[in-house]
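In: what's the 3D shape of this:
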Amino acid sequence: GKVQRVMTPENYSPGTRFLRSLQMLHFGSFGDAAVQWMYFVLGMAGAFLFYSGNLLWIEARRKRQKLVQPRSGKLMAQATLGVCLGCVAGVSA
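Out: Sure, this is the predicted structure:
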């Protein structure tokens with residue numbers, strides 16, 4: 001149970017310093033609450049980009065084909081809404 005050595009940030013090798021900085025970026029463990037909220041907002045913006053892009057694609061396809069949306073288009077729109085809201089609910093739960 002004897003302590004062999006204590007690693008402090010001043011004693012890190014360049015590789016360990018690089019790895020620790022990547023870990024801090026990944027987990028958002030720097031900059032306190034401001035950075036964590038920024039990560040949250042950017043994550044939600046990325047999710048909204050996926051959702052809105054899917055809906056725009058469905059609407060553009062509907063306008064190109066016919067005024068009445070075919071059954072496959074309706075199912076795709078419903079699945080997009082259900083999957084996106086389901087993922088938000090699942091992560092929240």
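In: how close does Val35 get to Val91?
Out: 20 Å (CB to CB, to the nearest Å). All C-beta atoms are positioned from the backbone trio N, CA, C, and that covers glycine.
In: same for the strand or helix carrying Met38, what does it pack against?
Out: Counting by DSSP states H and E, the element that carries Met38 is helix 32-65. Contact here means 3 or more CB pairs under 8 Å, 6 or more residues apart in numbering; DSSP states H and E; on that basis helix 32-65 packs against helix 71-92.
In: Quick check: Ser13 vs Gly53, distance?
Out: From Ser13 across to Gly53, the span is 43 Å (CB to CB).
In: count of neighbours near Ser13?
Out: Ser13 has 9 neighbouring residues, counting by other CB atoms under 10 Å.
In: And it, how far from Arg20?
Out: Applying CB to CB, the value for Ser13 to Arg20 is 10 Å.
In: Ala93 now?
Out: With distances taken as CB to CB, Ala93 is found 32 Å from Arg20.
In: and these two? which has more neighbours close in?
Out: Taking other CB under 10 Å, Ala93 and Arg20 do not tie; Arg20 has more neighbours (13 against 5).
In: check contacts around the more buried one.
Out: Contact partners of Arg20, counting by CB atoms under 8 Å, 6 or more residues apart in numbering, are Pro9, Tyr12.
In: do that again at 10 Å, thanks
Out: Taking CB atoms under 10 Å, 6 or more residues apart in numbering, we find Arg20 in contact with Pro9, Tyr12, Ser29.
In: same thing with Cys84?
Out: Counting by CB under 10 Å, 6+ apart, Cys84 touches Ala47, Phe48, Phe50, Tyr51, Ser52, Asn54, Leu55.
In: how deep is the first one tucked in, by neighbour count?
Out: Right, Ala47. The number of residues packed near Ala47 is 14, by other CB under 10 Å.
In: Before I go, just wanted to say thanks for your time.
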